[in-house]
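Chemist: Please work out how this folds:
(chains A, B and C, ligands or ions: 2)
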Amino acid sequence: MSCSGPVSELPSLSAALDALRRNEVSSEELVSELLRTIECWNPTLNAYVYVNSEEALACAREADARRRAGDPAPWVGVPIGIKDNICVRGQPCTCGSKILKSYRSPYDATVSRRLREAGAVFVGRLNLDEFAMGSSTETSAWGPARNPWDVDRVAGGSSGGSAAAVAAGMAVAALGSDTGGSIRQPAAFCGCVGLKPSYGRVSRYGLVAYASSLDQIGPLTRTVRDAALLLSVLAGRDPMDSTSLDVPVPDYIAAVDQAPDDLRGRCIGLPREYFAEGIEPDVAQAVKAAVADMARLGADVVEVSLPHTHYAVAAYYLIATAEASANLARFDGVRYGLRVPSEDVLEQYERTRAEGFGQEVKRRIILGTYALSAGYYDAYYLRAQKVRTLIRRDFERAFQQCDLLLTPVAPTTAFRIGERISDPLTMYLGDIFTVPANLAGICAISIPAGLDSRGLPVGLQLMAPALEEARLLQVAHVVEQTRPRLPRPPLASRASGGSPA
Amino acid sequence: MNEHTTCSEDLAAEVRRVAKLARIYVSEDDVAQWTRDLGRILEYVRQLNELDVDSVEPTAHAIPVANVMRDDEPRPGLPHTEALSNAPAARDGLFIVPKIIE
Amino acid sequence: MKFAVSIGLEIHVQLRTRTKIFCGCPTTFGAPPNTQVCPVCLGLPGALPVLNREAVRLTVMAGLALGCRINLRSKFDRKNYFYPDMPKNYQISQYDLPLCVGGGLEIETPAGRRFIRLRRIHLEEDVGKNLHFAQSSGVDFNRAGVPLMEIVTEPDLTSADEAHTFLLALKEVLLHGGISDCNLEEGNLRCDVNISVRPEGADELGVKTELKNLNSFRAVHRALDYEIRRQIDLLSCGRTVVQETRRWNDELGITESMRTKEEAHDYRYFPEPDLVPVELTEEQLTEWRAQLPELPAARRARLVREYGLPEYDAKVLTADPDVADFFEAAARRSQQPKIVSNWIMTEVLRVLGERGSSIRDLPLTPDALAELIEMVQRGVINMPAAKSVLAELMEHGGRPAEIIERRGLVQISDRGALEPVVEEVLRDHPGPAADYRNGKAAALQFLIGQVMKRTRGKANPKLVAEVLRARLESQSPSS
Ligand SMILES: [Mg+2]
Ligand SMILES: [Zn+2]
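Modeler: Residues are numbered from 1 along each chain as shown, chains lettered A, B, ... in the order given. Ligands and ions are numbered 1, 2, ... in the order given. Purely as a prediction, here's the structure:
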């Protein structure tokens, strides 16, 4: 394989599953090919922070043997990339932080266990913003993941490594986590599909918590069908997570495979507020083009209002940082992780945490601690929780008028590395279209809408009521077919003469 | 909301207090930086004051469920060596820390 | 000047569950360090808590037993503070919606009965244990996550004696309710106290201090005695009490000011997002109320009523519900409740006290005790023999009949077998025999003793007396 120029065509997750099942390719071949691609492009993209080549190949060979012995499990031998904040037994789980540099998880997250039991092979750990706190993967202690469409730009975040790997063919599919858009925004920036399931749909056990009431694990894939495939393994009640819901899991694959050719009878809502807040013209254009196509397919398109959208970012940053301030208290150098040795326990805590956490994490811990501290709780944290109620009600009302909502994923396409990192508030404001779904606990998906004039992917967000992933995936699949097929990403810098789209 | 926090001197003191609570050592440069950041962010989040939320119930959970419990049945835990495998310092099966004065 | 004392207690009680509050690790005491831990109770990244149903039930049972109002909707909160024995550096506890509120417990004081009000009972997780070495400390997380209920009283107690009486009464209720083993050595029941004094008649409570490190009820009593005197001394000299936490030094018998915390407590409580609320229904509470075992006061009354026991016996027996159970089982079997009670209160409780063990650990069964008593009643064995059989039963268990048989303790109640021995004794001790005949009745006891001695204690003493008397009175002093 050449290490320059655009990457070759890669199998989607669906294609890989089919090829393995039909014995057209062995798991060993698939994983070897993947490892070669990773070796080739990871130095440029920094999508993986750890690749377990030997172990992955051994697992692949074992999977091939199982398949030859007649194991009918559909996933046997399928390589999956895991975001580095989801535990896999025996593997590192750094969360992009120095404080967990040498940490290895002694247990599997429930999603890892489910994938393992289905036969999946874990190829490596994907880069992320430190503890998933960021929208660009720039806060990773291991350096930013780069955007395959322009390596001078961010891959988005916090699941930037997952999105970049899937887009660049370094992963057939990957897991990410989404607290305020961390799956959907990088998927949009990198031109792949990212699904944030409804809160409670997928177990959080083994996901290193950022903000427990908002976090959700979900797939980053090349197609909507792939997202349905992966979700069908991830979803369902887990006795280890009190907030995972004990409700039936529909057949997501059937929902996609049996999708109609049109959108007749579907009512799509366009929330007025999502098209008002300073979005780039190219982004607005791409979304409008999709709306036109959906109308052509018979969808009933209506304008709706989510009047409290404007307050979502403020409410989100108070709630998320407050929860984070407690969630990250356990990183203290006593039981695991970095320790800056000291004579005194208090001093050891302070030095360890000052040294182990990066600036953004500390900034959020400070903000969250402040919002909960005596005298401020009611004014900040409690008020934010009440605004969360208003935002939830906005969606309840909107979904009385329509089946799904269609919005941009982010106001802009991928920005330049370094462009916003010193300006936290601007960075936070970029999450305006994604955080409401987390606050409301509903499901949402990001799919590629097209490219902007610079040749960067634009994302399109569809949102559905809680637990309506089947509806969401089905419509997303139909819309996906109407979108122009993206070319393969150049894996180069556009400024330095990479091939323009 | 607490308007006095807009005063940067007060806010710097708050940053120090909060950093102490959060067990994060802060240099004077950190204090200056975070005071600026926190000031801007707090100014931004104060827009929530525009809303009348007096009669609104807070949302702590995104899901309306209750009573998720487990039976009182033992489950295997971590093997002893794995429990201590990530310890920065361990001896005699204990996690070792600097001497605690109680 | 006279002073009024106000004492409030915060009692942490370990609930009787098999597993921890949020994970499946066992709660067994005394395992090697860090062998009863898992990702959840070690606070590993990514681990999540799931509430133990039984911990909720037991806390509600305690609330029902203590007359609390049960919150039909209750929730958990995070209490944030850093300490090496706290795996997550926050404790999952209950803040504004505890499971139980109000309620109280009546205690008997020399001045009469007093009702001590409770403020609340909430459920929370225990922390690990710090061990201290010369240069460092070590942490064992086996105890981290053990379910605790925290019982908080109003400051209604007015003396060290009252506090002590309250703790004993509370322990009885918790034992009877099957809520906790209340094993103080294993730290099942730990107590912090708040105490203030004020001039008698003053409306407002005085400045309070909080006492820590009270490892036994005796320590609570001693520490309170000391602290009350200390505070009164201060106020009497016109000085003031400083609001602070003080540590009880058991060796020196004094309370000492603890190093003041570097900052004021700011626990930043907020709702635990990893746990959903607990919702109870009236039906559920009715069901649980019906399951509530008989409480000490009711049981005492019933023992008096049903078995005709004196108040005193009922009180002694119900101090430990296992002892009361034992009594009732044996009393039902033997139909001799007062005699059963006597045996338990004297012989059995003495042995339990000596060994510091529970009646459940004794090999003695209620049936065996009843059988033994019955054999004494029927005259099969005499008292001294019965006591020695009981000692063996408490040591090794077994059936009284077998032990008596094996050790040949059946008492000689056969007149024909006793008469030759009586003859022998009279021949060897003519003096006392003459004394008796001359009206010195006490001489008979000596002669009985001699017969017992020659039968190695097996003779039926009543029969011996009868035979002796008959022999001495029917015959003239010949030869
Ligand atoms: Mg407590
Ligand atoms: Zn455990």
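
Chemist: Which strands or helices does the helix or strand where residue A:326 lies pack on?
Modeler: With elements taken from DSSP states H and E, the one containing residue A:326 is helix A:312-327. On a contact count with 3 or more CB pairs under 8 Å, 6 or more residues apart in numbering or on different chains; DSSP states H and E, helix A:312-327 meets helix A:359-372, helix A:383-401, helix A:424-429, helix A:435-440, helix B:28-45, strand C:77-80, strand C:270-271. In short, each C-beta sits where N, CA and C put it, glycine included.

Chemist: switch to 7 Å and redo it
Modeler: The helices and strands touching helix A:312-327, judged by 3 or more CB pairs under 7 Å, 6 or more residues apart in numbering or on different chains; DSSP states H and E, are helix A:359-372, helix A:383-401, helix A:424-429, helix A:435-440, helix B:28-45.

Chemist: Any idea how many residues pack against residue B:70?
Modeler: 19 (other CB atoms under 10 Å in any protein chain shown).

Chemist: got it, and residue C:129?
Modeler: By other CB under 10 Å, 16 other residues sit near residue C:129.

Chemist: what ranges do the helices span in chain B?
Modeler: B:8-21, B:28-45, B:80-83 (DSSP state H).

Chemist: now check the longest one, is it near chain A?
Modeler: Yes: with CB under 7 Å from any CB of the partner chain as the threshold, helix B:28-45 lies in contact with chain A, specifically through B:34, B:37-38, B:40-41, B:44-45.

Chemist: Using a markdown table, lay out the helices of chain B together with mean pLDDT and mean neighbour count.
Modeler: Putting the helices of chain B into a markdown table (pLDDT from 0 to 100; neighbours: other CB atoms under 10 Å in any protein chain shown) gives the following:
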| stretch | mean pLDDT | mean neighbour count |
| --- | --- | --- |
| helix B:8-21 | 93 | 18 |
| helix B:28-45 | 94 | 17 |
| helix B:80-83 | 94 | 18 |
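
Chemist: and of those, who's closest to residue C:223?
Modeler: Go through the helices of chain B one by one with CB to CB and the one that ends up closest to residue C:223 is helix B:8-21, at 30.8 Å.

Chemist: Determine how far the closest one lies from the middle of the whole chain.
Modeler: Between the mean C-alpha location of helix B:8-21 and the chain-wide mean there is a distance of 15 Å, by CA atoms, centre = their mean, to the nearest Å.

Chemist: Pull up the per-residue confidence for residue 43.
Modeler: Just going to use chain A. At residue A:43, the pLDDT value in this model is 96.

Chemist: oops, chain C please
Modeler: At residue C:43, the pLDDT recorded in the model is 98.

Chemist: Ok, residue A:129 next?
Modeler: According to the per-residue confidence, residue A:129 scores 98 in pLDDT.

Chemist: mind listing what the nearest residue to it once chain neighbours are set aside touches?
Modeler: Leaving aside its sequence neighbours, residue A:129 sits nearest to residue A:158 (CB to CB, 6 or more residues apart in numbering or on different chains; 3.8 Å). Remark: with contacts taken as CB atoms under 7 Å, 6 or more residues apart in numbering or on different chains, residue A:158 is in contact with A:128-129, A:132-134, A:137, A:182.
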